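Peer 1: Make a model of this:
(one chain, ligands or ions: 1)
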Amino acid sequence: MPEAFVESLDNEGRGFARVDGKAIFIEGALSGEQVEYASYQRKSRYEQAQAIRILKPSSQRVAPRCPHFGTCGGCSMQHLDISAQTAAKHRVLEDALWHLAKLKPDVVYPPISGSPWGYRNRARLSVWHMSKKDGTLLGFREKRSSHVTKMDSCAVLPPAISNILPGLKVLLEGMSVPENIPQIEVAIGDVQHALVLRHLGPLTAQDMQRLRSFADRNSIVWYLQPDGPDSVRLFYPPDTPPLAYSLPDFGLNLRFSPTEFTQVNHGVNRVLVRRVMALLKPVAGERIVDMFCGLGNFTLPIARSGAAVVGVEGSRDLVDRARSNAALNGLDSLCQFKLANLFEVTEESLAAMGHFDKMLIDPPRDGAVALVNAIGDDGPQRIVYVSCKPSTLARDAAILVRDKGYQLRGAGIANMFPHTSHLESIALFERP
Ligand SMILES: C[S@@+](CC[C@H](N)C(=O)[O-])C[C@H]1O[C@@H](n2cnc3c(N)ncnc32)[C@H](O)[C@@H]1O
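Peer 2: Got it, this is the predicted structure:
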């Protein structure tokens, strides 16, 4: 079995080693470790491998909490101490900014972290019905495979959901046509735990009765999805109020439907919103734009300051949702929402929205290259950029600094997704 000394962690949480000059990316290996590994993919310039035996363990290695770790594709870093995970993610951000954009922030913000377990308020669980005899699998996909993990609990899902996984499997096995259920989505609000049952054929009266009794026994709310995302409807209990989460620092309550985008980790999101507001410093009388505003997660806290805010978003449902959230929180006079495809924004279409004193950008993983390119001489004096992919943040940061006259004042991370390699980052740009 080949051996390697692991030099560092890469941006997917894998150990990086060089063997005879060739790069080897080793899952399950940590920085500073000597490991035996087996390659599962060999290319001329690199190999992808799995650690087989840890010959010299790192002092930061810990026992994974979850019995499914290693097989399940949901987590990749449970074997690394949580504070070392946060430090590693911070390095990923610094490396991306330096290697891809040659930028160093003036200030490094302290990382934002929350509870490392039970934090995952949204999840899509796959279902695989094997046979009457072998039963049903329900869980995340296995690593590097389309198979569903055989799991009876999950340490990153809220305990109330983890605890009912075995019962959910029994429920699915008893459905009239179990093969017709390909997935269950989890969406957690402050009060309700919702499950969205995707079903490919009609449910019988008996199926529906089974769903109702399961909901009563386990205090969950069922939504049904017979078709695409637009077909999602509340099923039971029928008088359930809408899902919602609160941002107590701003006296806000935001409603959402179970398939709409919300930040995965409510605890970290609360701190993230606070941090964003501290950097943006909105004040009454200013005009601020919240780009990629979703259901108003940042728009409404900005409006609470008394600033006038325009939220721009590409999903019509989310624009409607943001408008009704503004109204519910008594902020509609300060908020305006616009439907726009921000991947196609131009200098002209951005200028047509009028002058903004400040801008918040929170794009999906693709980043906001069209938007930053569209910023003209009349652009905002301050931009706060929240990113879920360091490489696209670095690309956009380079444009803001090189071409648009901004300085990178600060950057930091939020460990929104503990035990995975995903990270959320925040950067502050200012024009002198
Ligand atoms: C990372 S989410 C942020 C949402 C919101 N800021 C929040 O914190 O909940 C990115 C948002 O960008 C929206 N989006 C994706 N592609 C878009 C596009 N091309 N134009 C405008 N919005 C888009 C998504 O619908 C989603 O609401």
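Peer 1: what about the helices in this protein?
Peer 2: Ranges of helices within the chain are 82-101, 159-162, 165-173, 205-218, 266-280, 299-304, 316-328, 347-351, 369-374, 390-402, based on DSSP state H.
Peer 1: okay, those helices, which one's buried deepest?
Peer 2: Highest mean neighbour count among the helices of the chain (mean count of other C-beta atoms under 10 Å): helix 299-304, with a mean of 26. For every residue, glycine as well, the C-beta is placed using N, CA and C.
Peer 1: pull the CA atoms of that one into CSV?
Peer 2: Presented in CSV, the C-alpha positions along helix 299-304 are these (Å, rounded to 0.1, in the frame of the first residue of the first chain):
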residue,chain,number,x,y,z
THR,A,299,-33.4,43.4,3.3
LEU,A,300,-35.6,43.6,6.4
PRO,A,301,-32.9,44.1,8.9
ILE,A,302,-31.5,46.9,6.7
ALA,A,303,-35.0,48.5,6.6
ARG,A,304,-35.2,48.3,10.4
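Peer 1: let's number from 24 now, not from 1
Peer 2: Got it, the first residue is 24 from now on, which makes the last one we talked about helix 322-327.
Peer 1: if we can go back for a sec, and the helices of the chain: which comes nearest the ligand?
Peer 2: In terms of C-beta to the nearest ligand atom, the element of the helices of the chain nearest to the ligand is helix 339-351, at 5.2 Å.
Peer 1: Who's the closest spatial neighbour of Val287, skipping the chain neighbours?
Peer 2: Nearest non-adjacent residue to Val287, counting by C-beta to C-beta, 6 or more residues apart in numbering: Arg145, 5.1 Å away.
Peer 1: what residues are up against the one you found?
Peer 2: When contacts are counted by C-beta atoms under 8 Å, 6 or more residues apart in numbering, Arg145 touches Glu208, Val209, Ala210, Ile211, Thr285, Val287.
Peer 1: Touching, the fifth one and Asn320? I think so.
Peer 2: Yes. Contact between Thr285 and Asn320 holds when scored by C-beta atoms under 8 Å: they sit 7.4 Å apart.
Peer 1: follow-up on the earlier one: just send the helices of the chain back as CSV, with distance to Gln404 too.
Peer 2: CSV is the format used below for the helices of the chain (distance: least, C-beta to C-beta, whole Å):
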stretch, distance to Gln404
helix 105-124, 21
helix 182-185, 44
helix 188-196, 50
helix 228-241, 51
helix 289-303, 11
helix 322-327, 15
helix 339-351, 25
helix 370-374, 15
helix 392-397, 15
helix 413-425, 13
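Peer 1: and Arg405, which of the ones you listed is closest to it?
Peer 2: Smallest distance to Arg405 across those (C-beta to C-beta): 6.8 Å, for helix 289-303.
Peer 1: Quick check: mean pLDDT of the closest one?
Peer 2: For helix 289-303, the mean per-residue pLDDT is 98.
Peer 1: roughly how far out does that helix sit from the chain middle?
Peer 2: 15 Å (C-alpha atoms, centre = their mean, to the nearest Å).
Peer 1: Beta-bridge partners for the residue in the stretch 124-273 of the chain that the ligand sits nearest to, please?
Peer 2: Per C-beta to the nearest ligand atom, Tyr268 is where the stretch 124-273 of the chain lies closest to the ligand, at 10.2 Å. For Tyr268, the beta-bridge partners are Leu277 (DSSP bridges).
Peer 1: quick one: the residue most central in space within the chain from Ser136, how far?
Peer 2: Closest to where the C-alpha atoms of the chain average out (C-alpha atoms, centre = their mean) is Val287, at 5.2 Å. According to C-beta to C-beta, to the nearest Å, Val287 and Ser136 sit 14 Å apart.
Peer 1: Point out the residues in this protein that sit beside the ligand.
Peer 2: Within the chain, the residues that sit near the ligand (C-beta under 6 Å from any ligand atom) are 284-286, 315-318, 320-321, 336-338, 341, 364-366, 385-387, 411.
Peer 1: Point out the ones among those that are inside strands.
Peer 2: Residues of the residues of the chain next to the ligand located in strands (DSSP state E): Glu336.
Peer 1: Mind giving me the PyMOL select for the residues of the chain next to the ligand, buried ones only?
Peer 2: In PyMOL, a selection of the buried entries from those looks like this (16 or more other C-beta atoms under 10 Å):
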select buried, resi 284+285+286+315+316+317+318+320+321+336+337+341+365+385+386+411
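Peer 1: Now do Pro252, the pLDDT please.
Peer 2: Among the per-residue scores, Pro252 shows a pLDDT of 88.
Peer 1: any idea what sits nearest it, other than its immediate chain neighbours?
Peer 2: In space, Pro252 is closest to Thr282, 4.9 Å off (C-beta to C-beta, 6+ apart).
Peer 1: Could you report the separation of the residue nearest to Val287 from Glu336?
Peer 2: Arg145 is 18 Å from Glu336, by C-beta to C-beta.
Peer 1: What of Lys427?
Peer 2: As for Lys427, its distance to Glu336 is 23 Å (criterion: C-beta to C-beta).
Peer 1: for Asp426, same thing?
Peer 2: Separation of Asp426 from Glu336 (C-beta to C-beta) stands at 26 Å.
Peer 1: before we move on, what about Leu323?
Peer 2: Leu323 sits 13 Å away from Glu336, taking C-beta to C-beta as the criterion.
Peer 1: Asp313 too?
Peer 2: Distance, Asp313 to Glu336, using C-beta to C-beta: 9 Å.
Peer 1: Show me the common contact partners of these two, please.
Peer 2: Common contact partners of Asp313 and Glu336 (C-beta under 8 Å, 6+ apart): none.
Peer 1: got the domain boundaries for the protein?
Peer 2: Following the assignment in automatic domain parsing, the chain carries domains at 24-84, 113-138+287-453, 145-211+216-263.
Peer 1: ok, now which ones touch the residue nearest to the centre of the chain?
Peer 2: Contacts of Val287 (C-beta under 8 Å, 6+ apart): Tyr142, Arg143, Asn144, Arg145, Met439, Phe440.
Peer 1: do Ala238 as well
Peer 2: With C-beta under 8 Å, 6+ apart, Ala238 has these contacts: Val244, Trp245, Tyr259, Pro260.
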